[in-house]
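Peer 1: Whatever this is, show me its structure:
(chains A and B)
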2 protein chains.
Amino acid sequence: MNLYINLAEQLGARIEQGLYRPGERLPSVRALSLEHGVSLSTVQQAYRQLEDRGLATPRPKSGYFVPLTRAKPALPMVSRAAQRPVDVSQWDQVLELISLSPSRSDMIQLGRGRPDVSSPTLKPLLRSLSRLGRRQDLNSLTYGCIYGDQGLREQISRLLLDSGCQIPYQDIVITTGCHEALSAAIRATCQPGDIVAVDSPSFHGVMQALKGFGMKALELPTDPLTGISLEALELALEQWPIKAIQLTPTCNNPLGYIMPDANKRALLALAQRYDVAIIEDDVYGELAYSYPRPRSIKSYDEDGRVLLCSSFSKTLAPGLRIGWIAPGRYFDRVLHMKYMGTGTTAQLPQLALAEYLEAGHYQPHLRRMRSQYARGLEQMIDWVSRYFPPGTRVSRPQGSFMLWVELDPGFDSQRLNRELQPHKVQIAPGSIFSAAGKYRNCLRINYAAKPSAEIEQAVRRVGESVAELLAELG
Amino acid sequence: MNLYINLAEQLGARIEQGLYRPGERLPSVRALSLEHGVSLSTVQQAYRQLEDRGLATPRPKSGYFVPLTRAKPALPMVSRAAQRPVDVSQWDQVLELISLSPSRSDMIQLGRGRPDVSSPTLKPLLRSLSRLGRRQDLNSLTYGCIYGDQGLREQISRLLLDSGCQIPYQDIVITTGCHEALSAAIRATCQPGDIVAVDSPSFHGVMQALKGFGMKALELPTDPLTGISLEALELALEQWPIKAIQLTPTCNNPLGYIMPDANKRALLALAQRYDVAIIEDDVYGELAYSYPRPRSIKSYDEDGRVLLCSSFSKTLAPGLRIGWIAPGRYFDRVLHMKYMGTGTTAQLPQLALAEYLEAGHYQPHLRRMRSQYARGLEQMIDWVSRYFPPGTRVSRPQGSFMLWVELDPGFDSQRLNRELQPHKVQIAPGSIFSAAGKYRNCLRINYAAKPSAEIEQAVRRVGESVAELLAELG
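Peer 2: Numbers count the residues shown, from 1 in each chain, chains lettered A, B, ... in the order given. Here you go, the predicted model:
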C-alpha cells in the first residue's frame, strides 16, 4: 500500500474515533512527517485524501481541521450494571441468533460476529487446506497431540510478540475456537456457585458458559471509550468473593473500545492484590485500527494469573474452529478441561494455518482487513446517522467490525428483530450481552462485509423499524 | 467381493469369537446354502478357505468341525468393580497417551484408539475435503448453525435406521467428535457431586469428564462377553441415587463385547423403573464384525431417556472431529452445553462428510474396514498367543479394533510402558480405563493397522517385556 494511503487511513480512523473534536486543529504536516518518518509531500497527499473523504478541512495558513459539520451521533451512556452477582439468562435469544444456517443467503445477517471471508488474502490458506485435505496420512487424519500441532504453536508464540507477550510455544494449547479456550479457562479457575466479574455489555458466549457451569456473573459498569470501571471493580472485589475477572479489553465486543494501557496495568494490580484470575479475551486484538496493535493485559502478567484466550475466527475464518489459550499457572487444569470437553483438536486446519503463518501471509491479510473494517465503520456510522432517528447513540469502535447502537430506554430490540423478520434482516439484540438481560434498548450491528446497496437497504430498513417502534412508545 | 470370501469371513469371525467351541460341528453345507441363499459349491469354497486358514477341519462324511488344537488364550475374568462411587483419578496416565504427536512415526503406537486411515475407500472423502477447502464462501468458512449442517444431519438420520433407530434429523445435533457428545450428555443429565454408573473397564475420556465435572463414578462388574452385570446394576440403583448410566454396549471399548439384545432391553427397563438417563456410546457400533449391525439401546427407547452419542472418528477419520448426539428429551440442555463448550462445529468437514455419505461411499468403506479389522484380530490373537507368556488372557472382540489383555494380578502395565519406551512401543495401560485406577494388570492393544513385520516385532517386544516383568514377580 502506498505510504500516503496508509497514513490517511490511520489519521482518518483517529478522526472517526473522535480522538479529535469537530473544529479541532489536526497535527501539522511537519509534525506528522517527523512522527511517521515520511516526506512532507506524503503527508500532504494523505491530507488531500482525507479532504476528499470529508474528514479534514484546510484553513489557509493554519493547517487542517476536523470539519465542524461532521458531528457524530452521541456516545452510548456508561453502562449502569447491577452491583450484585446474578444468574445468567437469555439463552433463548442467543439460540435465535446461532440457529441460522450460513447458507441462508436470503437473510442479511447483521447480528452475528462474523468477519468478511471474501478477501483474496485468504487464498493461500484455502490452497493449503485443499492440498492437505487431499493428503491421506496419519498426521492429518488421525488424533493429534492434546497440546495441538507444534508448528502452529510456534507460529502463535511469535505472533504474540506483537501484543508484548513472550510466551514459549510449550505454554500454549490449541483449542476448538476461542469459545473452547474461554470455556476451559472458566472451568479451570472457578467452581459452580463462584462469582465471576465481567465487563458489561459482554460477549454472550461467556455469559452462557457461566450459566451452564452454574456460576454467577457480576456485571461491572463499563465506559464506552475506556472499558470496565476500575473503581467499581475494586469495590466489587472488596465486597464479593470474586474468583475471576473475565473481559475483552482490546477491541471490546460489543463496544469496540480499547482499554488504555494504564487501565490494563491497574486492573492487573487489582487482580494481584485480591488474588483473582484474569480471563482475557483477545480475539479482536489483531483488528485494532491503529498500528502497532495494543498490548494485552497478559503482556504485563508476571505471576501467571492471566489466561489469554484467542483464535483465528475473527481475523481469518470462524469455520476453521481454531483458537488457543496461554493459561499461565492454570496450564494443567486448562489442559484437563480441554481434553474432557472435546479431546484433541482437528489436525487439518491446524496444519493449514501453520503453513499460512509461516509463509508470512497473515500480516498482509490483517493490514487489509483492518483498513476494510475501518472504512466499513465510517460507512456504517454514516448510514446509521442518516437512517436512524435523531437521538440514536453509537459506539466508537477502535477495532473489529461491530457497532453498538443505543436507543431510547423504553426501546425493545427483541421486538425489533421480530419486526425485521419478514424483511429478511437480523440484528443482535442488546439483551444477550447481559447476564441479567439488560440493554434491551441496544443492538449490535456487524459492518464486516464490504458496503453494498443491499446492506445499505438493510440498515435503512432497521432504521425505519426503529423509528416505527419508537413512535409507538410516543 | 466374491460370495464365498464373504461367507468365509462371516463364518471365520464367528469361529474366532468362540461362538463354536473347539471340536464342535460347524453348520452343514446344505444348511448354510439355505441360510445365505448361495449355492452349495459357494459354501464348499468358503469352507476350503477356512480350512486353509486353520479355522475348520473336514471329517469325512461328517462335515466340518472347529479344530481342537486351536485353543485360544482364556477370557479375561469378570471385572470385580468397587461397589461404591469414587472420584476419578489417572489423568497423568491418560495425558501420557494423548501427548504423542501422530507424526512421531518412530513410535509404534499400539495404545491409542485410532482406526486405520489408509484405506482407498477414504479417497472420495479426501477429494471432497480438498474441493470444499478450495471454496471461498460463507458456507464453508464462517460460523455454521448451532445444530450442525442439515444435509449431514439428514444423512445421519438415515444411517441410524441400521441400528433400529427412527430419529428425524431435527433431533440430532452435530458435535466436535463423540468426545463432545459424551461431555455434553454428562453435563446435561448430571450436576457436580452426582453419581454415574459405568461399565468397567470403561472409556478413559468419559472417566476424565466425570472427574473434571466433579461427578462420581460407580463402576459395575462387567462380563467380558455380555457386558455390564444387570444384577449389580439393579442393586446399585437400589442403593445409590444414581443419575445416569454411561456405557458402550456395542463393540465395547476396551472389551469388545456386544451386549445381547435382551440385556439391552432389560437395562433400559431398569433405567425406566429407577428413572435414570442412559448415555449410550455407540462410536464402534458400525464396526461390529457381524452384519447387519446390532441394535442400539436407543432403538428401544420410548420415553427419550437415552442420549445416543457417536461419531465418524472410529469408522472414518478421527482428525475430522465430527460426531453427533441424539439426546432425546434432553435436547435443549445438550444444545446449551454444546454451545457453551465450543460454539458451533467446523463447517468444512461436515459438508465433506455429507457429500461422502450421500454418494453412498460409506457402506462399502465400512464393509472393507470390518473385514480388515476381523482379520487383524485373528492375527493379533495369534501373535499374543505366540509371544506372550502362558496364562495370558485375552478378550473376544466382536467388533472394533482393540484387544484387552489380562495378566497376572501383580502385573504393572504402567511400568511395562516405561520399559517399552526405549523400544519405541506404546500400549494403553489398563488403569486408565478405571475410575479408581484398577486393571493395572491389563493392557489394551490396537490392531487397526494392517499386519506388518514391524507391528509383529512390536507385539513380540511387548510380550518379551511382559515375560521379564512377570519373572521379576516370581
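
Peer 1: residues from the stretch 251-400 of chain A in reach of chain B?
Peer 2: Contacts of the stretch 251-400 of chain A with chain B, taken as C-beta under 8 Å from any C-beta of the partner chain, map to A:313, A:317-321, A:335-337, A:339-349, A:352. Using the backbone N, CA and C atoms, a C-beta is placed for each residue, glycine as well.

Peer 1: and if we set it to 10 Å?
Peer 2: A:311, A:313, A:316-323, A:332-333, A:335-352 (C-beta under 10 Å from any C-beta of the partner chain).

Peer 1: So among those residues, which ones count as buried?
Peer 2: Those of these that meet the buried threshold are A:311, A:313, A:316-323, A:333, A:335-352, by 16 or more other C-beta atoms under 10 Å in any protein chain shown.

Peer 1: Let me see the domain layout of chain A.
Peer 2: A:3-65, A:91-118+A:364-473, A:136-359 (automatic domain parsing).

Peer 1: Pull up the distance across the second one, start to finish.
Peer 2: It refers to domain A:91-118+A:364-473. 27 Å (C-alpha to C-alpha, to the nearest Å).

Peer 1: what pLDDT, on average, does that domain get?
Peer 2: Across domain A:91-118+A:364-473, the average pLDDT comes to 92.

Peer 1: next one: the shortest one
Peer 2: Domain A:3-65 shows a mean pLDDT of 86 in the predicted model.

Peer 1: next one: that domain to chain centre, how far?
Peer 2: 27 Å (C-alpha atoms, centre = their mean, to the nearest Å).

Peer 1: helix/strand/coil for the closest residue to residue A:361 other than its chain neighbours?
Peer 2: Among residues not flanking residue A:361 along the chain, residue A:124 sits closest, at 4.7 Å (C-beta to C-beta, 6 or more residues apart in numbering or on different chains). Under DSSP: H, G, I helix; E, B strand; the rest coil, residue A:124 falls in the helix class.

Peer 1: got the contact list for residue A:384?
Peer 2: By C-beta atoms under 10 Å, 6 or more residues apart in numbering or on different chains, the contact set of residue A:384 is A:72-73, A:392-394, A:403, A:405, A:445, A:447, A:459, A:462-463, A:466.

Peer 1: what's the burial count for the residue nearest to residue A:114 when sequence neighbours are not counted?
Peer 2: Closest residue to residue A:114 apart from its sequence neighbours, by C-beta to C-beta, 6+ apart: residue B:142 at 4.8 Å. Residue B:142 has 23 neighbours, counted by other C-beta atoms under 10 Å in any protein chain shown.

Peer 1: In contact with residue B:142, which residues?
Peer 2: A:102-103, A:109, A:112, A:114-117, A:313, A:317-320, A:448, B:344, B:347.

Peer 1: ok, what's across the strand from residue A:58?
Peer 2: Taking DSSP bridges as the rule, residue A:58 bridges to residue A:64.

Peer 1: how close does it sit to residue A:51?
Peer 2: According to C-beta to C-beta, to the nearest Å, residue A:58 stands 7 Å off from residue A:51.

Peer 1: list the residues that contact both of those two?
Peer 2: Counting by C-beta under 10 Å, 6+ apart, the residues touching both residue A:58 and residue A:51 are residue A:64.

Peer 1: Which of the three states applies to the closest residue to residue A:392 other than its chain neighbours?
Peer 2: Once flanking residues are discounted, residue A:392 sits nearest to residue A:73: 5.3 Å by C-beta to C-beta, 6+ apart. Three-state call for residue A:73 (three-state DSSP): coil.

Peer 1: Residue A:73: neighbouring residues, count only.
Peer 2: Neighbour tally, residue A:73, other C-beta under 10 Å: 18.

Peer 1: Number of residues surrounding the nearest residue in space to residue A:448 that is not next to it in sequence?
Peer 2: Among residues not flanking residue A:448 along the chain, residue A:401 sits closest, at 3.9 Å (C-beta to C-beta, 6+ apart). Residue A:401 has 28 neighbours, counted by other C-beta under 10 Å.

Peer 1: wait, doesn't residue A:401 sit right on residue A:117?
Peer 2: No. Using C-beta atoms under 10 Å, residue A:401 makes no contact with residue A:117, being 11.9 Å away.
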